[in-house]
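Asker: predicted structure and sequence below. I'll ask about it afterward.
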Amino acid sequence: MKLNIRAQSAQNLHNNSPIVLVHGLFGSLDNLGILARSLVVDHDIIQVDMRNHGLSPRSPEMNYAAMAQDLVDTLDDQQIDKAIFIGHSMGGKAVMALTALAPERIDRLVAIDIAPVDYQVRRHDEIFAAINAVTDAQASSRQQAASVMRQHLQEEGVIQFLLKSFVDGEWRFNVPVLWDQYPNIVGWQTLPAWEHPALFIPGGNSPYVTEAYREQLLAQFPQARAHVIAGAGHWVHAEKPEAVLRAIRRYLNEPAN
């Protein structure tokens, strides 16, 4: 499946690999824009809407093998042989799944606040409740939608994040499929080891990448390095963008392995 994208050309002449930025659950291609605006100085940038999100096609299937294939199809459509992949949360898992499907297409891999594990926990039920309440209330504006969501969600940052995908009175993600396929999104099927350097960027206050997952992470990514961003939660790139960008640039400037 070819994904909806936003493509930007590097501002400087270069021979660097392009960077593909991959958002998380309930997101869109705008979500990693703060990284795109900095990295486009030296790299062509591709921002994608994942399936069932944004303006990309809808599908009843929502698992990481399918999402990884979408990324390959999008590379093919753009005539890109190899890219640097940076994914947040669900997007980070989709990028990790590429290591099993098409390892030859990966130049470098960055996973922001996600581990290659089955979390076996439902962290988004309140968000689903808020989203469905907006639909049931037939809200037509973001102001109305925000008012409804505040009855279900306490974090204003999460509400504003979700509102980016509320356009003309409709959600730009496929709520029924995301609900139905949620076990696949929080789940994981263990991959063969990927024997190349990979960068994991956890938020220091986030539960998504902890010492409890270290063994599983290193079994699948034995050359992984973690750069923990202190004082940040799950949306680490939005909370501490300069620290995230420094870690990414340091990793990209290392000699290839």
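Answerer: Here it is on my side, so go on. Numbers count the residues shown, from 1 in each chain.
Asker: quick one: residue 132 and residue 178 touch, right?
Answerer: No: with contact defined as Cβ atoms under 8 Å, residue 132 does not reach residue 178; the gap is 11.2 Å. The C-beta positions use only the backbone N, C-alpha and C, and glycine is treated the same way.
Asker: who has more neighbours, these two?
Answerer: Each of residue 132 and residue 178 had its neighbours counted (other Cβ atoms under 10 Å), and the higher figure belongs to residue 178 (22 against 16).
Asker: give me the pLDDT value at the more buried one.
Answerer: If you check residue 178, the pLDDT there is 98.
Asker: equivalent analysis for residue 137, please.
Answerer: 96.
Asker: ok now do residue 123, which residues does it touch?
Answerer: Remark: with contacts taken as Cβ atoms under 8 Å, 6 or more residues apart in numbering, residue 123 is in contact with residue 186.
Asker: hmm, try it at 10 Å
Answerer: 25, 186, 207, 208, 234 (Cβ atoms under 10 Å, 6 or more residues apart in numbering).
Asker: SS state for the fourth one?
Answerer: In three-state terms, and counting by DSSP: H, G, I helix; E, B strand; the rest coil, residue 208 is coil.
Asker: burial measure for it, as a count.
Answerer: 20.
Asker: tell me, what's touching residue 132 and residue 178 both at once?
Answerer: Looking at what touches both residue 132 and residue 178 (by Cβ under 10 Å, 6+ apart), the common residues are residue 171.
Asker: mind listing the strands for the stretch 151-257 of the chain?
Answerer: Taking DSSP state E, counting those that start in this stretch to define them, one finds strands in the stretch 151-257 of the chain at 166-167, 170-171, 198-201, 224-226.
Asker: quick one: the nearest residue to residue 224 once chain neighbours are set aside from residue 75, how far?
Answerer: If the residues on either side of it in the chain are set aside, residue 224 comes closest to residue 198, at 4.6 Å by Cβ to Cβ, 6 or more residues apart in numbering. Taking Cβ to Cβ, to the nearest Å as the measure, residue 198 falls 19 Å from residue 75.
Asker: surely the residue nearest to residue 224 meets residue 110?
Answerer: Yes: Residue 198 sits in contact with residue 110 when judged by Cβ atoms under 10 Å, with a separation of 7.4 Å.
Asker: quick check: neighbours shared by those two?
Answerer: With Cβ under 10 Å, 6+ apart as the test, residue 198 and residue 110 both reach 85, 95, 251.
Asker: which of residue 198 and residue 75 has more neighbours?
Answerer: Ranked by neighbour count (other Cβ under 10 Å), residue 198 and residue 75 place residue 198 first, with 24 against 21.
Asker: from residue 86, how far off is the more buried one?
Answerer: As judged by Cβ to Cβ, residue 198 and residue 86 stand 11 Å apart.
Asker: check residue 95 too.
Answerer: Summarising the geometry, the distance separating residue 95 from residue 86, computed by Cβ to Cβ, is 7 Å.
Asker: and if you look at residue 116?
Answerer: Distance, residue 116 to residue 86, using Cβ to Cβ: 16 Å.
Asker: so the two - more neighbours on which side?
Answerer: Under the criterion of other Cβ under 10 Å, the comparison of residue 116 against residue 86 puts residue 86 first, with 29 against 26.
Asker: quick check: bridge partners of that one?
Answerer: The residues paired with residue 86 through beta bridges, assigned by DSSP bridges, are residue 21, residue 110.
Asker: perfect, that will be all.
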